[in-house]
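**Q** Generate coordinates for the sequence data below:
(chains A, B, C and D)
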There are 2 protein chains.
Amino acid sequence: MKPVTLKQIAEQLGISVTTVSKALKDYPDVSKKTKKLVKQLAETLNYKPNSFAVTLRTKESKTIGLIIPEVVHHFFSNVIKGIIAQAEKKGYLVIILQSNESYDLEKQQIELLLSKRVDGVLISLANATGDYKHLNDLIAQEVPLVMFDKIAKIVNCSKVIINDRKAAYTATKHLIDIGCKRIAHFRGPLLPQNSIDRFLGYKQALIDHNITYDPSLVYICDCSVKSFEEGKQSANQLLKDHTNVDGIFINTDLVAIGAMTEFQKNGVRIPEDIAIVGFSNWFMSSVISPTLSTIDQPGYQMGKEAFKLLYKEMKSKKQNLPIEYKTVELETGLIKRESTKKN
Amino acid sequence: MKPVTLKQIAEQLGISVTTVSKALKDYPDVSKKTKKLVKQLAETLNYKPNSFAVTLRTKESKTIGLIIPEVVHHFFSNVIKGIIAQAEKKGYLVIILQSNESYDLEKQQIELLLSKRVDGVLISLANATGDYKHLNDLIAQEVPLVMFDKIAKIVNCSKVIINDRKAAYTATKHLIDIGCKRIAHFRGPLLPQNSIDRFLGYKQALIDHNITYDPSLVYICDCSVKSFEEGKQSANQLLKDHTNVDGIFINTDLVAIGAMTEFQKNGVRIPEDIAIVGFSNWFMSSVISPTLSTIDQPGYQMGKEAFKLLYKEMKSKKQNLPIEYKTVELETGLIKRESTKKN
DNA sequence: CTGAAAGCGCTTACAG
DNA sequence: CTGAAAGCGCTTACAG
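**A** Take a look at the predicted model:
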């Protein structure tokens, strides 16, 4: 059963393809009678326009591409959900690609999307991405691009972010407020802007509260799929290196949970001996024991905002209006739980 | 900067579009010299074939649709990951749609995919889906379809599943083996095959071990996004209704974790007072306290297998070979953890 | 070895 | 109010 075409409808009705096409799209210069006949037949034959033919003519695929480092991830899956919900509202479909934190894959995937002629691209960078030629190529080809969460400041496009620095500052200050004197930091990899910013927020909070910054208290976690394991390792290493750490601000919840597991195994009490603040508010953090204090990162909303920005750009492009790049900053909040409840 | 077309390459080289097209595709009837010239120019101009024109001619979009009840979900996000990884290998792109457990949305999304002329569809049914006309329409239009995890036995297509009944039997038997005498079941909604099968497996295990099946010990959880809350509610209700329950087999981990939280709040010890087995092996289950015994459900592998089956069908269709429907059953395993560690 | 021609299914400017 | 024609960018059977 081959799909029905305009031609078939035209033939059955003894009119031209042109008229059928116009009738279905409610052009004003088609008689009511014809419109009715055409629409009825289209309905009974279950006619669906061939989207590829339409795209070829109109140059609009009504499809966008989404490149994301990791799908199995509480934060990112919320972003995905926000994006597809918003895209659906506007009649757009979303092709999802996973970069696996690899620069090479990310690059290839941009190529793929380019050749698929998507109307726009949404991306959160891989940890390994330090070169932005592939993104600038996209922009040069006038494909609307919006970056979210893991962005590159240097790339000239719209962005949706949180203020990582401020949030990290808040998290660290919370540890100071409850009386921690020697605060460590498990940071993310070196490249991504947000792990840099979180580190800087941590450092600034220490300085502002007269606590000497000690580089030996900063541990790097690659935060790949193995986050949980890395948290355990860093916790272990920290126990070997230091005896007087009483608080840790950790780059992401999954690493924090790994660390907590390891500390508990070694008889370190949380929060009595070491208080911990994570980042991202994964659902898990609210059900483990002790529950984990963390920073709430609005994934769903970020997805929605990112699509909205992209939609505006796609619309402007279609109307040949100038495109202005915007950066939307979403609010985060400190969530206090048992892992920082002293006294 | 408009995308480069074959015509432009042809004009610059002073040859025909036909020859350019053939040269790029390494047709044997084009001279080596011409091929080289064409390929070089295509490279420098960064030529990418317009996929919509290609599709319009070849009737192959190299894109498949995926409809899934929920994206923010440990099991399903693993399935997604498996699908896009496998699809990418074979040069297919994946459009993801979320049905939100709604039958109406699911139906609309099938329509959408149909009009987008995807080469195939992968689906896991919404809880609310009890009518299968939309799926049979797809099949009637000869669009390859593979169902996974949440399937309808009655629909005639390929499927990837686990043996829910057997797995539930194993889980319940484990409770019996550690000495539980009065075992409750928190089941999923009424419609989906897998919550039915898990219930049946539970019941069968009781019968086979001379434990009277008591319907008042079966609680229904809708297992929507609110799973965690439902687990809490059912746990609470159970404490009101019964005093001698010593084991529960729970339809999914998230519900189980909600239940555990509530039991602990009420001073019920796990596993001493009540032992618990969940289902699906969410990552979370390995880090909460006590760790949760559960059934391992291979999400990533299920995604891979589902795409593989779909790929075969798409290939057969292209070659006009008959399509044979297959059902692949994946292995599950019981994972014993603290929540069932008696003595 | 090369290219003119037809056609995939649609849209739209234009003529009548 | 209707329709012939051109064209989107590609592929491929056919002729030379």
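**Q** could you measure residue A:46 against DNA strand C, distance?
**A** Residue A:46 sits 12 Å away from DNA strand C, taking Cβ to the nearest atom of the strand, to the nearest Å as the criterion. Placement of C-beta: from N, CA and C, glycine included.
**Q** for that residue, what are its contacts?
**A** residue A:4 (Cβ atoms under 8 Å, 6 or more residues apart in numbering or on different chains).
**Q** just the residues of chain A that are near DNA strand C, which are they?
**A** A:2-3, A:5-7, A:17-18, A:21-22, A:24-25, A:47, A:49-50, A:53-54, A:56-58 (Cβ under 7 Å from any atom of the strand).
**Q** Buried among the residues you listed? Need that as a selection in PyMOL.
**A** Listed next is the PyMOL selection for buried residues among the residues of chain A next to DNA strand C, using 16 or more other Cβ atoms under 10 Å in any protein chain shown:
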select buried, chain A and resi 3+5+6+21+22+24+47+49+50+53+54+56
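**Q** Go back to the residues of chain A next to DNA strand C and keep what's next to chain B.
**A** Checking the residues of chain A next to DNA strand C against chain B by Cβ under 8 Å from any Cβ of the partner chain, the ones in range are A:3, A:49, A:50, A:53, A:56.
**Q** between the residues you listed, which is nearest chain B?
**A** residue A:56 (4.7 Å; Cβ to the nearest Cβ).
**Q** hang on, isn't that closest one packed against residue B:51?
**A** No - in this structure, residue A:56 is not within contact of residue B:51 by Cβ atoms under 8 Å, at 9.8 Å.
**Q** Can you report phi and psi for the nearest residue to residue A:333 once chain neighbours are set aside?
**A** In space, and not counting its chain neighbours, residue A:333 is closest to residue A:296: 4.6 Å by Cβ to Cβ, 6 or more residues apart in numbering or on different chains. The phi and psi torsions at residue A:296 (degrees, to the nearest 10) take the values phi -80, psi 130.
**Q** I'd like the distance between residue A:296 and DNA strand D.
**A** 46 Å.
**Q** Give the full set of residues in contact with that residue.
**A** So residue A:296 contacts A:281, A:332, A:333, A:334, A:335 (Cβ under 8 Å, 6+ apart).
**Q** closest to DNA strand C among the residues you listed?
**A** Proximity of these to DNA strand C (Cβ to the nearest atom of the strand) peaks at residue A:332, which lies at 43.9 Å.
**Q** related to what we said a few turns ago, most neighbours among the contacts of residue A:296, which one?
**A** Using other Cβ atoms under 10 Å in any protein chain shown as the neighbour test, the contacts of residue A:296 are led by residue A:281, with 24 neighbours.
**Q** rewinding a little: quickly list what the residue nearest to residue A:333 is bridged to.
**A** residue A:280, residue A:333 (DSSP bridges).
**Q** On the pLDDT front, check it for me.
**A** Listed pLDDT for residue A:296 reads 97.
**Q** any idea how far it is from DNA strand C?
**A** 45 Å.
**Q** Same question for residue A:174.
**A** Residue A:174 is 57 Å from DNA strand C, by Cβ to the nearest atom of the strand.
**Q** Please enumerate the strands of chain A.
**A** A:63-68, A:93-98, A:120-123, A:145-148, A:158-162, A:183-187, A:218-220, A:247-250, A:275-277, A:294-296, A:327-330, A:333-335 (DSSP state E).
**Q** Is there contact, residue-wise, from the third one to chain B?
**A** The reference is to strand A:120-123. No - residues of strand A:120-123 contacting chain B under Cβ under 8 Å from any Cβ: none, with a closest distance of 12.9 Å.
**Q** which parts of that strand are buried?
**A** In strand A:120-123, counting by 16+ other Cβ under 10 Å, buried: A:120, A:121, A:122, A:123.
**Q** one step back: export the ones next to chain B among the residues of chain A next to DNA strand C to CSV and tack on pLDDT?
**A** As requested, those are exported to CSV (pLDDT from 0 to 100):
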residue, pLDDT
A:3, 82
A:49, 89
A:50, 88
A:53, 89
A:56, 88
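**Q** give me the subset of these touching DNA strand D.
**A** Applying Cβ under 7 Å from any atom of the strand to those, those adjacent to DNA strand D are A:53, A:56.
**Q** so who does the residue nearest to residue A:266 when sequence neighbours are not counted touch?
**A** Distances taken as Cβ to Cβ, 6+ apart put residue A:239 closest to residue A:266, at 6.0 Å, once the chain neighbours are dropped. Contact analysis of residue A:239 by Cβ under 8 Å, 6+ apart lists A:263, A:266, A:268.
**Q** Check residue A:76 too.
**A** A:68, A:69, A:70, A:124, A:299.
**Q** what does residue A:272 give?
**A** residue A:342.
**Q** With the one 4 residues further on instead?
**A** Neighbour list for residue A:276: A:247, A:248, A:249, A:250, A:256, A:259, A:260, A:270, A:292, A:293, A:339, A:340 [criterion: Cβ under 8 Å, 6+ apart].
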